[in-house]
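[1] Give me the fold of what follows.
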Amino acid sequence: MTGMHPASVLVSRIGALLLALGLTACSAAPTASAQDVATGVAATVQAMNAQASTVEALGTSMSDAVLQTLTAAGTIEVPPTPARGPALHLAYTDGGNVALDSEPGPAISLTSSGSAESVQISDDGEKIAYARRPAIDGPVELRVVNRDGSGDSLLMSPADFDALYPLDGAVHHDLSQFDFVPASHDLLLNTRSTFEGPGLAKHDDLIQIDTDTLARTMLLAPGNGGDFTSSPDGQYLAIVRPDMIEIRLANGTPTVSGVITYMPVTTYSEYAYYAQPVWDGDSMTIGVAIPSPDPLAPATTGSIWRLPVGGSASLAGTITGQFFLLSGSEPLVSPDLAHVIYARPTATPNIWNLYLGSVDGSGETLIGVYLVWGGWSPDAQHFVFSLGDATNLQLGDVTGTSAPLVTGTEVRWFTPTEFLSLSGSMGGWTLNRAGIGSAPVPLASPAGDFIDYDFAYE
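    Residues are numbered from 1 along each chain as shown. Got it, this is the predicted structure:
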């Protein structure tokens, strides 16, 4: 009877009861008349019909406690509740405010003050941190809001940023990087200085803010922190500075791990180069591809390093190719630390071929001409790059094949086969959900010249 509607269960039991009463009436002692039996049956049926109507009316609105009590007493049987599947929580900027689209929706606006420019969401989808800049090129403030729009709170004001360190000729201190530690409401950030003219001076610090209590802690003073990448389990950080990479605990405490040191890479600009490490799936080793010091030299190379938690750094291989031009916000080494992506020039000026190889340089495969590197899928089986046009995204795989994927930018994977992407242009953006072999499904159409988004998948 499992899976039957409660009303159907009651009807079935009524039928069984009528049969039992009928048999009793046939064999009852002479003191029980047929009229007595009929009256008893009518009363029982009336009561059970009333109960059935009540159950039907309550439906799924009946409290769990009531359902459990009735079920335990044998009064009704409740169909099993379907298992809840993973939920996608999409936070994004929309016309200067922060919006949230949580499955099954609909999307809601979380802020109304405007000027939001970037967002980060906690793994459970409960907290959304965002940076807002009320005046273009003005100072920044960092805030957090709950997923229902309540509790919008200031984490750091422009005055808080400026008070961190002496300005020493800078106009302001500003936010550089911020992100939640996985499986927590702790927000990590580092800072930089801004100037009247060109210039980008990172402080290589590390600050933690508990977004539940709003408590702020300086974990690593300037020069001791840097850009950070959290391990998947949230226990460790890969800390990057322009000449070294180290592993620390998520609270900034040193580990007994070694370090990767490298020559600073010339950027021919006012910013310093920061390498892009990637964690393997078990949160125990990082891999990184570091370009040779001069990206415009006649012959360039990339050095592929591994660094395990609690171990020493080891050089996996040095490969001839262009690594700097591909380096951006996405690591070149695959998440399983087995493969690496790099480029080499073709006979045509400014046209580059994309290559896939093992981290030791073996098994090289030509993928094709590329324009922009888009990163790896989380299972390390696929990667994204653009061909001919920055929005003409292609899907490559470790076998060396490639095929068109979607038209758009900012691909971010939430399963090994499903991803989000941004399509459109200034004033006409669409955030899409898509998968390998499936067409994009629009989720939101945010307003604004530039859109930032982040997601949680639980």
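[2] how about low-confidence regions in this structure?
    In the predicted model of the chain, residues 1-85 satisfy pLDDT under 70.
[3] at 50 instead, please
    Low-confidence regions of the chain, defined by pLDDT under 50, span residues 1-67, 69-71, 76, 81-82, 84.
[4] Is Gly374 in contact with Glu330, as I believe?
    Yes: the pair Gly374 / Glu330 is scored as a contact, 6.6 Å apart, by C-beta atoms under 8 Å. Where you see a C-beta, it was placed from the backbone N, CA and C, and this is true even at glycine.
[5] okay, the two: which has more neighbours?
    Looking at Gly374 and Glu330 with other C-beta atoms under 10 Å, you find the greater number of neighbours at Gly374, namely 24 against 17.
[6] Regarding the more buried one, which helix or strand does it belong to?
    strand 373-376 (DSSP states H and E).
[7] I'd like the next helix or strand past that strand.
    strand 382-386.
[8] following that next one, which helix or strand comes up?
    Scanning forward in sequence from strand 382-386 by DSSP H and E, the next helix or strand is strand 392-397.
[9] What are the buried residues along that next one?
    Across strand 392-397, burial judged by 16 or more other C-beta atoms under 10 Å covers 392-396.
[10] Then stretch 302-309?
    Buried residues in stretch 302-309, counted by 16+ other C-beta under 10 Å: 302-307, 309.
[11] Using CSV, lay out the residues you listed together with distance to Lys127 and secondary structure.
    Written out in CSV, the entries for these read as follows (distance: C-beta to C-beta, whole Å; DSSP: H, G, I helix; E, B strand; the rest coil):
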residue, distance to Lys127, secondary structure
Gly302, 37, strand
Ser303, 38, strand
Ile304, 36, strand
Trp305, 34, strand
Arg306, 33, strand
Leu307, 31, strand
Val309, 27, coil
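[12] Go through the buried residues of strand 392-397 and say which is closest to Phe161.
    Within these, distances to Phe161 taken as C-beta to C-beta reach their minimum at Leu393, with 36.2 Å.
[13] What number of residues are in the vicinity of the residue nearest to that closest one when sequence neighbours are not counted?
    For Leu393, the nearest residue in space outside its immediate sequence neighbours is Leu405; the separation is 4.5 Å by C-beta to C-beta, 6 or more residues apart in numbering. Leu405 is flanked by 24 other residues according to other C-beta under 10 Å.
[14] check contacts around Leu405.
    When contacts are counted by C-beta atoms under 8 Å, 6 or more residues apart in numbering, Leu405 touches 384, 393-395, 411, 436.
[15] what lines up beside the helix or strand where it lies in the sheet?
    Under the criterion DSSP H and E, the helix or strand holding Leu405 is strand 402-407. The strands beside strand 402-407 in its sheet (DSSP bridges) come out as strand 392-397 (antiparallel).
[16] can you give me the angle the partner strand makes with strand 382-386?
    Following axes from the mean of the first three to the mean of the last three C-alpha atoms, to 10 degrees, one obtains 150 degrees for the angle between strand 392-397 and strand 382-386.
[17] Just the C-alpha atoms of strand 392-397, please, in PDB.
    What follows is the C-alpha trace of strand 392-397 in PDB, where atoms were taken according to Å, rounded to 0.1, in the frame of the first residue of the first chain:
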ATOM      1  CA  ASN A 392      32.800  31.400 -30.100                       C
ATOM      2  CA  LEU A 393      33.500  28.800 -27.400                       C
ATOM      3  CA  GLN A 394      34.800  25.400 -28.200                       C
ATOM      4  CA  LEU A 395      34.800  22.200 -26.000                       C
ATOM      5  CA  GLY A 396      38.000  20.200 -26.100                       C
ATOM      6  CA  ASP A 397      38.800  17.000 -24.400                       C
END
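[18] Show residues contacting that strand.
    Residues outside strand 392-397 that contact it (C-beta under 8 Å, 6+ apart): 354, 356, 367-368, 371, 374, 381-387, 402-409, 411, 421, 436.
[19] PyMOL command for the buried members of the residues you listed?
    Buried residues within the contacts of strand 392-397, by 16+ other C-beta under 10 Å, are selected in PyMOL with:
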select buried, resi 354+356+367+371+374+381+382+383+384+385+386+387+402+405+406+408+409+411+421+436
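[20] in this structure, which spans are helices?
    Remark: helices of the chain, listed N- to C-terminal, are 6-27, 34-58, 64-72, 158-162; assignment by DSSP state H.
[21] which strands and helices sit next to the last one?
    Read it as helix 158-162. In terms of contact count using 3 or more C-beta pairs under 8 Å, 6 or more residues apart in numbering; DSSP states H and E, helix 158-162 is assigned the packing partners strand 172-180.
[22] quick one: contacts of the strand it packs on?
    Residues external to strand 172-180 that are found in contact with it (C-beta under 8 Å, 6+ apart): 118, 120-123, 127, 129, 131, 139-140, 142, 156, 158, 161-162, 164-165, 167, 186-194, 202-203, 211, 227-228, 230.
[23] So which bits of it are buried?
    Along strand 172-180, these residues count as buried under the neighbour rule (16+ other C-beta under 10 Å): 172-180.
[24] still on that earlier bit, any chance of the contacts of Leu405 in TSV, with distance to Asp148 too?
    Listed next are the contacts of Leu405 as TSV, based on distance: C-beta to C-beta, whole Å:
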residue	distance to Asp148
Val384	34
Leu393	34
Gln394	39
Leu395	37
Val411	29
Ile436	33
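[25] Out of the residues you listed, which comes closest to Tyr453?
    Comparing the contacts of Leu405 against Tyr453 with C-beta to C-beta picks out Val411 as the nearest, at 11.6 Å.
[26] got a list of what that closest one touches?
    The neighbours of Val411, taking C-beta under 8 Å, 6+ apart as the test, are 374-375, 384, 393, 405, 419-421.
[27] residues making contact with stretch 326-333?
    Outside stretch 326-333, the residues within contact range by C-beta under 8 Å, 6+ apart are 273, 275-278, 287-289, 291, 302, 304, 323, 339-343, 359, 373-376.
[28] quick one: that stretch to chain centroid distance?
    Distance of stretch 326-333 from the chain centroid (C-alpha atoms, centre = their mean, to the nearest Å) equals 18 Å.
[29] So for it, first residue to last residue, what's the gap.
    As for stretch 326-333, its first-to-last residue distance stands at 11 Å under the measure C-alpha to C-alpha, to the nearest Å.
[30] on that earlier part again, if I look at the residue nearest to Leu393, how far off is Val411?
    When C-beta to C-beta, to the nearest Å is applied, the distance between Leu405 and Val411 equals 8 Å.
[31] same question, Ser421
    The span separating Ser421 from Val411 equals 5 Å under the rule C-beta to C-beta.
[32] Val119: how many residues sit nearby?
    A count of neighbours around Val119, defined by other C-beta under 10 Å, yields 24.
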